[in-house]
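>>> Just need the structure, nothing else, for what follows:
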Amino acid sequence: MIVGAHMISSTRRGVAALLLVATMAAAQAADIEWDGTNYLRVPVRLGSDTRLAMPEPFDDAWEHDDEISASLLDARTLIIRPRTAKIEQRLTLRGRVTGTLYLARVSSSLPYTPVVTVHGPTRADGEAGNGLSVTALLRALMLGSAPAGFSVEKTSRVLLNEAPYHVVAEQFWQSFRQSGVIARVTSTVPQRTVPIVPANIQILVPQLGALRAMAADAYEIGPQQISTRIYLVYGR
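Residues are numbered from 1 along each chain as shown. This is a model prediction of the structure:
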């Protein structure tokens, strides 16, 4: 009986040790499957670094970049270090390969993990009726090459006229389930630099469905460049 009790005690200690290792491993990293609809949750903590690993090289735009120190470890990895204890802001990342827009919530209120790894799906929003993913349509818009099954209509419809943005559509692409828009955004205050932050620009076109993705040729307009093209994907 003594031997049996010792063996049970050893087994329990072994299980406890394994659980502890598993818990520590979980605390060290977080894996996120990006589905194109939710904010990426990126925890930060004053005095610590958070390593954000993306599935492709990217450009980043911060809502309040004075609160954060950010540097690239490599083309796909961003090291984030907060300058203040309480952080709550949005981060927009645009994939250089696919044109995918990744919207992130960077927060000190989230459970802290030093490594966040994002995995991108092959389709950002599943397949539409024409078999195209949101990402594929976004890339087609940026290339100016309409896929089969889409009608193309030239237009000059004003989509948004709220300072500091004036947005005029140039083309509507439409299919049964998806629509795309090529538009030009112009600064209404050309004497200063205005960031193009997709999370802050809501261009609603109800007849086209919900806005699924947005990209731009440039992410700042101002004295040197007062306008740029933007690309929008809508789906039902």
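
>>> what stretches of the protein score poorly on pLDDT?
1-29, 35-38, 98-99, 120-131 (pLDDT under 70).

>>> how does it divide up, domain by domain?
2-119, 134-235 (automatic domain parsing).

>>> Which of these has the highest mean neighbour count?
The highest mean neighbour count among these, using mean count of other C-beta atoms under 10 Å, belongs to domain 134-235: a mean of 17. Every residue, glycine included, has its C-beta placed from N, CA and C.

>>> List the contacts of N161.
V167 (C-beta atoms under 8 Å, 6 or more residues apart in numbering).

>>> now with 6 Å?
Not one residue lies near N161 by C-beta atoms under 6 Å, 6 or more residues apart in numbering.

>>> what helix or strand is it on?
strand 158-162 (DSSP states H and E).

>>> That strand: partners in the sheet, and parallel or antiparallel?
If you go by DSSP bridges, strand 158-162 pairs up with strand 165-174 (antiparallel).

>>> for the strand it pairs with, the distance to its chain's centre please.
Offset of strand 165-174 from its chain centre (C-alpha atoms, centre = their mean, to the nearest Å): 22 Å.

>>> Send me the helix or strand following that strand as PDB with only the CA atoms.
Next helix or strand after strand 165-174 toward the C-terminus (DSSP H and E): strand 178-187. What follows is strand 178-187 as a C-alpha-only set of coordinates in PDB (Å, rounded to 0.1, in the frame of the first residue of the first chain):
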ATOM      1  CA  GLN A 178     -20.200  40.500 -54.600                       C
ATOM      2  CA  SER A 179     -19.500  44.000 -55.700                       C
ATOM      3  CA  GLY A 180     -16.400  46.100 -56.000                       C
ATOM      4  CA  VAL A 181     -15.800  49.800 -56.100                       C
ATOM      5  CA  ILE A 182     -12.800  51.800 -57.500                       C
ATOM      6  CA  ALA A 183     -12.900  55.300 -56.000                       C
ATOM      7  CA  ARG A 184     -10.800  58.300 -55.500                       C
ATOM      8  CA  VAL A 185     -10.400  59.900 -52.100                       C
ATOM      9  CA  THR A 186      -9.300  63.600 -52.000                       C
ATOM     10  CA  SER A 187      -8.300  65.600 -49.000                       C
END
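
>>> Please state the offset of the helix or strand following strand 178-187 from the chain centre?
Next helix or strand after strand 178-187 toward the C-terminus (DSSP H and E): strand 194-195. Offset of strand 194-195 from its chain centre (C-alpha atoms, centre = their mean): 18 Å.

>>> After strand 194-195, which helix or strand is next?
strand 210-216.
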